[in-house]
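[1] Return atomic coordinates for the entry below.
(one chain, ligands or ions: 2)
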Amino acid sequence: MTRARLTLFDTTLRDGAQTNGVDFSVEDKVLIAGLLDELGLDYVEGGYPGANPTDTRFFSEKRTERARFTAFGMTKRAGVSLSNDPGVNTLLAAQSDAVCFVAKSWDHQVKVALGATLEENLEGIRQSVAAAIAAGKEALVDCEHFFDGYKANPDYAIACARTAYEAGARWIVLCDTNGGSQPAEVEAIVRAVSVDVPGSHLGIHAHNDTEQAVANSLAAVRGGARQIQGTLNGIGERCGNANLTSIIPTLLLKPIYAQAYEIGVTLEALKGLTALSRRFDEIVNRAPNRQAPYVGASAFATKAGIHASAIAKETSSYEHVEPESVGNHRRVLVSDQAGRSNLLAELARLGIPVDKSDRRLDMLLAEVKEREAIGYSYEGADASFELLARRTLGNVPDFFTVESFHVTVERRLNALGKMVSVSEAVVKLIVGGERLLTVAEGNGPVNALDRALRKDLGVYQDVIADLELVDYKVRILNGGTEAVTRVLIESRDSSGDSWSTIGVSENVVDASFEALIDSIVYTLIRKGVAPN
Ligand SMILES: CC(=O)SCCNC(=O)CCNC(=O)[C@H](O)C(C)(C)COP(=O)(O)OP(=O)(O)OC[C@H]1O[C@@H](n2cnc3c(N)ncnc32)[C@H](O)[C@@H]1OP(=O)(O)O
Ligand SMILES: CC(=O)C(=O)O
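    Numbering: from 1, shown residues only. Ligands and ions are numbered 1, 2, ... in the order given. So this is what the prediction gives:
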């Protein structure tokens, strides 16, 4: 059976730039365009030349090798000739393979937002498309508000699409601009439009305001459309656009689509999708969505004991695709929802040998659950779990003993007469039979403690020299000043590896100290240090 070719059009750098909180630099855009090109997308819409200096500079040269580099902008304004429309002229002068015009297709919006007549709007579409083609570019038309427009006045919405098609636009893209349409409506409307404009020239641009952008894009394909527009990680105006990071694996891995359609992204390239999604979040400085389908950290994470048990027997029990197919990986979490299977899976991952029938597993499970009941949370503290497991199984040496610590916080006037807060920590340790006392100052009690602990660990000092604290999170578990406090610390060493430890106490300093000590002991173990 021959498969129909679906075209993927990426608008991360255009509609994605309309995301609240996203602000691309030219350098970001260059980097992201390269990543999209490498993935195998057919079109990369880079932005709106003329709208701002960043986009104008970005379009001073072509930024993709394989994908059609596309400039976005409005159709000709009513009341001015094409040659006198600076917007259209800037657009045509931009270094791009294609131009995607946005055109209104809802009669009400033409009257209200443009203040133009319906015929003037059609004429604007006609002339703009013709001008792009005359300039040697491929033309696309995003029919804005198409679905709402179609529901209000189907004849006019179709007239807009037909005008663009007859003027020579390669793609007529039906936009669910307000994101309120539902899949059944989208499918039916696309099917109806394809009587006037062939499906092989129809695209879909869906917004996610009712969480249906991906479903609407797939519904449009079922209705006959052959181009999908979307963005990386679903960014875009308001609630975002159709998420290509979900659509691409669905098209490639779900037989219902994979047997009927082909796309430019290969199964091999798909294996880089998780890394690409995370890299993109890093560039735009957003925290990755843990629950993102396919690429999220939790997409293949199993917490429930019953699920972990079944996964141990057959991985597909709770996985709809193989995590490796999208470059993600399976995780089995340890928590108060766990059973022995979770422990066995995590211990195997950590390389800690234990027999399935070892009764200490029950002790470890009971310990995890009791500790979680008083505030510990091991699913986010891999290193503390490993220490707990190793201790229960009897293989954590006593590297050192903490005799005591104390911390003071002082607010005082400094020499310049400015009020400053200074913390000082004193830690007494016994290391290899030797008593050590270290004192350090810090900008807060935890910082002072951290410095004092790592200032002199005697014979182990060299081993922890490259240990650094990269994140510190405090959570109050029940309100009030007598609440229980959970501290999570993320540490890293010069290898680049990082790990998390946890401490719980009524006292935030005490909880922090526990997490800091776990981090140091974990470092000694991971570096294979023998106790002195
Ligand atoms: C549905 C979408 O996501 S469309 C995405 C649009 N993207 C953006 O708007 C981001 C970049 N935009 C900008 O930087 C600015 O809006 C610019 C440079 C494009 C225009 O700025 P300004 O000239 O100051 O106009 P402003 O933004 O206030 O209004 C847009 C104008 O374009 C007109 N217009 C809107 N759509 C179209 C269209 N498809 N065809 C012709 N004219 C249009 C509006 O009627 C309005 O005209 P008016 O000023 O006579 O009322
Ligand atoms: C063009 C566009 O972004 C929209 O109609 O949503």
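
[2] ok, now how distant is the residue in the stretch 151-300 of the chain positioned nearest to ligand 1 from Ala366?
    Ligand 1 sits closest to Thr177 of the stretch 151-300 of the chain, with a gap of 5.0 Å, by C-beta to the nearest ligand atom. Quick note: C-beta positions are derived from backbone N, CA and C, even for glycine. Noted for Thr177: a distance of 56 Å to Ala366, by C-beta to C-beta, to the nearest Å.

[3] Thr274 and Ala297 touch, don't they?
    No. Shown here, Thr274 and Ala297 do not form a contact pair, counting by C-beta atoms under 8 Å, at 9.2 Å.

[4] The two - which one has more neighbours?
    Thr274 (25 against 16; other C-beta atoms under 10 Å).

[5] check contacts around that one.
    Residues near Thr274 by C-beta atoms under 8 Å, 6 or more residues apart in numbering: Tyr294, Val295, Val326, Gly327, Asn328.

[6] For the fourth one, give me its contacts.
    Contact analysis of Gly327 by C-beta under 8 Å, 6+ apart lists Leu270, Lys271, Gly272, Leu273, Thr274, Ala275, Val295.

[7] quick one: what helix or strand has the fifth one in it?
    By that I understand Thr274. helix 273-283 (DSSP states H and E).

[8] Give the buried residues for stretch 239-252.
    240-252 (16 or more other C-beta atoms under 10 Å).

[9] Does ligand 1 have contacts with that stretch?
    No. If you take C-beta under 6 Å from any ligand atom as the test, stretch 239-252 misses ligand 1, and the best it gets is 9.5 Å.

[10] The chain should start at 37 in everything you say after this.
    All set: I'll call the first residue 37, so the last point we hit is now stretch 275-288.

[11] Run the contact check for that stretch versus ligand 2.
    No. Judged by C-beta under 6 Å from any ligand atom, stretch 275-288 and ligand 2 are separated, with a smallest distance of 7.8 Å.

[12] For burial, what's the neighbour tally of Asp418?
    When neighbours are counted by other C-beta under 10 Å, Asp418 registers 21.

[13] Surely it touches Ser534?
    No. Between Asp418 and Ser534 there is no contact under C-beta under 8 Å: 9.6 Å.

[14] next one: phi and psi at Phe183?
    phi -70, psi -40 (degrees, to the nearest 10).

[15] show me the contacts for it.
    By C-beta under 8 Å, 6+ apart, the contact list for Phe183 reads Leu210, Cys211, Asp212, Ser217, Glu221, Val222, Ile225.

[16] Highest neighbour count among these?
    Counting neighbours by other C-beta under 10 Å, Leu210 leads these with 34 neighbours.

[17] Assess the claim that that residue and Gly260 are in contact.
    No. In terms of C-beta under 8 Å, Leu210 does not count as a neighbour of Gly260; the distance is 10.8 Å.

[18] which residues pair with Thr43 across the strands?
    Judged by DSSP bridges, the bridge partners of Thr43 are Gln263.

[19] quick one on the thing from earlier: which one of Thr213 and Ala402 has more residues nearby?
    Thr213 (25 against 11).

[20] Just give me the neighbour total for the closest residue to the more buried one other than its chain neighbours.
    Excluding the flanking residues, the one nearest Thr213 by C-beta to C-beta, 6 or more residues apart in numbering is His181, at 4.6 Å. His181 sits with 24 neighbouring residues when counted by other C-beta under 10 Å.

[21] my guess is His181 contacts Ala139, does it?
    No. Assessed by C-beta under 8 Å, His181 is found out of contact with Ala139, at 10.0 Å.

[22] Just the helices from the stretch 137-286 of the chain, written as ranges.
    Ranges of helices in the stretch 137-286 of the chain, per DSSP state H, counting those that start in this stretch, are 143-145, 154-170, 182-188, 190-203, 219-229, 249-259, 280-289.

[23] From the chain's centroid, how far away is the second one?
    Its chain's average C-alpha position is 38 Å from that of helix 154-170, according to C-alpha atoms, centre = their mean, to the nearest Å.

[24] That one near ligand 2 anywhere?
    No. Taking C-beta under 6 Å from any ligand atom as the criterion, helix 154-170 and ligand 2 are apart, separated by no less than 13.5 Å.

[25] what's in contact with that helix?
    111-115, 118, 124, 127-128, 135, 137, 139-140, 143, 146-147, 150, 152, 174-175, 177, 192, 195-196, 199-200, 202-205.

[26] related to what we said a few turns ago, give me the pLDDT for the residue of the stretch 187-336 of the chain closest to ligand 1.
    Thr213 is assigned a predicted lDDT (pLDDT) of 98.

[27] which residues touch it?
    Glu180, His181, Phe182, Asp184, His241, His243.

[28] in the helix or strand hosting Leu489, what's buried?
    In the assignment (DSSP H and E), Leu489 maps to helix 481-491. Within helix 481-491, the residues that count as buried by 16+ other C-beta under 10 Å are Pro481, Val482, Asn483, Ala484, Leu485, Asp486, Arg487, Ala488, Leu489, Arg490.

[29] got it, and stretch 88-104?
    Those would be Thr90, Asp91, Thr92, Phe94, Phe95, Arg99, Thr100, Ala103, Arg104, for stretch 88-104 by 16+ other C-beta under 10 Å.

[30] so can I have a markdown table of these showing secondary structure?
    Output for those, formatted as a markdown table (DSSP: H, G, I helix; E, B strand; the rest coil):
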| residue | secondary structure |
| --- | --- |
| Thr90 | helix |
| Asp91 | helix |
| Thr92 | helix |
| Phe94 | helix |
| Phe95 | coil |
| Arg99 | coil |
| Thr100 | coil |
| Ala103 | coil |
| Arg104 | strand |
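
[31] Please identify which of the residues you listed is nearest to ligand 2.
    Nearest to ligand 2 among these: Asp91, at 14.8 Å, using C-beta to the nearest ligand atom.
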